[in-house]
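Chemist: following is a predicted model, sequence given first.
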Amino acid sequence: MSDRALRIGLPALVLAAGVLLWDLVVRIFAIPPFVLPAPGLVLTTLIVDGGLLWHSLLVTLLTTFEGFALAALGGIGLAVLFNQSRLVEYSFYPYAVILQVTPVVAIAPLLLIFLPQPLAVLACAWIVAFFPVLANTTLGLNSIDHNLLALFDLYKASRWQVLWNLKLPSALPQTLAGLRIAGGLSLVGAVVAEIAAGSAGAGSGLAYRIAESGYRLNVPRMFAALLLLSLAGVAIFFALSAVSHLMLRRWHESAVKRER
Amino acid sequence: MQVDVDARHKFTLGPAGGRTRVAARDSIYMAQPSAPSSGTIVSLRGVSKTFESGTVALSNFDFSVRAGEFVSLLGPSGCGKSTALRIVSGLGEASAGTVEWPGGTAQIGFVFQEPTLMPWANVAANVRLPFTLGRTDESSSAAAVSQAMARVGLAEFADAYPRELSGGMKMRASIARALVTEPQLLLMDEPFAALDEITRFRLNNDLLTVWQELRRTVIFVTHSVFESVYLSQRIVVMTPRPGRVFAEIAIDAPYPRDERFRTSVDYAGYCRHVADALAKAMGGAA
């Protein structure tokens, strides 16, 4: 069997075994659906509640993408700013770290007080997602080839040319690695904020559906929404990996296939 | 401009003076300038360089190059040859002494020990870099770019990315980039040191061909006696720590030089002569 077949086949086998075990456990112990619904019921709920859940998914995804876009912009922008001015870096980097290390779950309720809900959700997504972009891009900007920099000096390149023609392309692999992490995290941020807002009850995102279904003991719908969420996360990860691969495949070692 | 060269000769051939210098620039090693064609393009006078760590890389380094000349700086690692090259290029600053450009500062092409290509750009874009940074648009530099690539034998690799090239081909691309603006002065910092011997010989030959076609000035840094003799009109042997000129040796063999020269008795003689000087330069410092 080829490596590729194993990579797809084995996880699929594990999934099938897991689902089978899950189904057996529910049947054998006669677990009621409001505690643990059988996989079949989750799937049925997914179809029956499809319209509602699909709409909620779109709401959450939209927040995620907005948060992601802002995180990308903010992360790269701050990294460039820090790279251009040491004073700005010294002044603000510690606060970027503080924002990162403070659990977003703890910040979300505050944000919900200060901001209208959609904006608070967006802010949460941004807060968790911008830091990996900032940290990775900073690393990339700081690890440029010194001889290339000397060469740019020799040809009297402007500061802007050094940034645009040397530093940013050179940092691209690290920036993309940061973006790949940020994609997943912006979903986490959006979900956390929606859950936090859940009790306020004004939202319509997927995480809000989970919270709401929890109150109503509609556990099958909770599972269905959870399933959609993790599928969305997986899709985001693969999409960003594909983008990264496309942008690097011609020149970066990480994206190059080697024959042995 | 000529004064500079003359002054050095008087100094060197004069009877007394600084003991080490006179001993070092023994008349046996002192060359007569082989091609007294045009004037001096650049000269370093009494240049010293002390790094922040306290390392003295160059001390009272005197050196000048005539336009169109192929000169090698030869010495063991740590003798400050690269430092001297960086000072000529303006990438490094001398702690003391002056760099003089009698005919005005020359346009410079620099080839580093590593190919130093942008991995994200293909060969053509790498070679075009000096024009890109000089804000020359692509259409008006296209001819120069393809000519430079053709000159080093990379015409068919314009679209290739650096990682798809062998070490020798990367270095060719690096040389094409340095030549693309047809600079008056080409500075090369041990460009072939990391290559295998076969590739290095081939690149030596191609470099000489290009030099003869373009007739630009080349300052070539190397630690290889054989390479310096094969390529140069004049070899400046340097002492290590601190770096200064120990001897200047003219290689009067005619160009074009090829494999016949590499296997000739003359070549072997020059190599022995230069190796001898290098050994003395290093012995003096030990």
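Modeler: Arrived safely. Numbers count the residues shown, from 1 in each chain, chains lettered A, B, ... in the order given.
Chemist: so which bits of the stretch 51-200 of chain A are right by chain B?
Modeler: A:145, A:147-148, A:150-157, A:161, A:165-166, A:169-170, A:172 (Cβ under 8 Å from any Cβ of the partner chain). For glycine as for every other residue, the C-beta is placed from the backbone atoms N, C-alpha and C.
Chemist: okay, strands next: where are they in chain B?
Modeler: B:40-50, B:56-66, B:70-74, B:96-100, B:108-111, B:185-189, B:217-222, B:234-239, B:244-250 (DSSP state E).
Chemist: and the first one, what does it pack against?
Modeler: Using 3 or more Cβ pairs under 8 Å, 6 or more residues apart in numbering or on different chains; DSSP states H and E as the contact criterion, the elements in contact with strand B:40-50 are helix B:2-13, strand B:56-66, helix B:81-89, strand B:96-100.
Chemist: return the distance of the last one from the chain's centre.
Modeler: Relative to its parent chain, strand B:96-100 has a centroid offset of 19 Å by Cα atoms, centre = their mean, to the nearest Å.
Chemist: by how many degrees do that strand and strand B:56-66 diverge?
Modeler: 20 degrees (axes from the mean of the first three to the mean of the last three Cα atoms, to 10 degrees).
Chemist: strand B:96-100 near chain A anywhere?
Modeler: No: judged by Cβ under 8 Å from any Cβ, strand B:96-100 makes no contact with chain A; its nearest approach is 14.8 Å.
Chemist: quick check: neighbours of that strand in the sheet, parallel or antiparallel?
Modeler: strand B:40-50 (antiparallel) (DSSP bridges).
Chemist: how about the partner strand: buried residues?
Modeler: B:40-45, B:47-49 (16 or more other Cβ atoms under 10 Å in any protein chain shown).
Chemist: for stretch B:55-69, same thing?
Modeler: Under 16+ other Cβ under 10 Å, the buried positions of stretch B:55-69 are B:57-69.
Chemist: and which of those is nearest to chain A?
Modeler: The closest of these to chain A turns out to be B:Ala57 (Cβ to the nearest Cβ; 16.4 Å).
Chemist: isn't that closest one right up against B:Leu85?
Modeler: No: between B:Ala57 and B:Leu85 there is no contact under Cβ atoms under 8 Å: 11.3 Å.
Chemist: nearest residue to A:Met222 other than its sequence neighbours?
Modeler: Among residues not flanking A:Met222 along the chain, A:Ser213 sits closest, at 4.6 Å (Cβ to Cβ, 6 or more residues apart in numbering or on different chains).
Chemist: which neighbouring elements make contact with the helix or strand that contains that neighbour?
Modeler: Using DSSP states H and E, A:Ser213 maps to helix A:206-215. Judged by 3+ Cβ pairs under 8 Å, 6+ apart, helix A:206-215 is in contact with helix A:50-84, helix A:168-198, helix A:219-248.
Chemist: any chance you could list what contacts it?
Modeler: A:52-53, A:56-57, A:59-60, A:190-192, A:194-195, A:197-199, A:201, A:219, A:221-222, A:225-226, A:228-229, A:232 (Cβ atoms under 8 Å, 6 or more residues apart in numbering or on different chains).
Chemist: show me which of those are buried.
Modeler: Buried among the contacts of helix A:206-215 by 16+ other Cβ under 10 Å: A:53, A:56-57, A:59-60, A:190-192, A:194-195, A:197-198, A:219, A:221-222, A:225-226, A:228-229, A:232.
Chemist: the residue nearest to B:Gly46 when sequence neighbours are not counted - how many residues pack around it?
Modeler: Distance criterion Cβ to Cβ, 6+ apart; nearest residue to B:Gly46, sequence neighbours excluded, is B:Gly97 at 3.9 Å. Look at B:Gly97: counted by other Cβ atoms under 10 Å in any protein chain shown, it has 18 neighbours.
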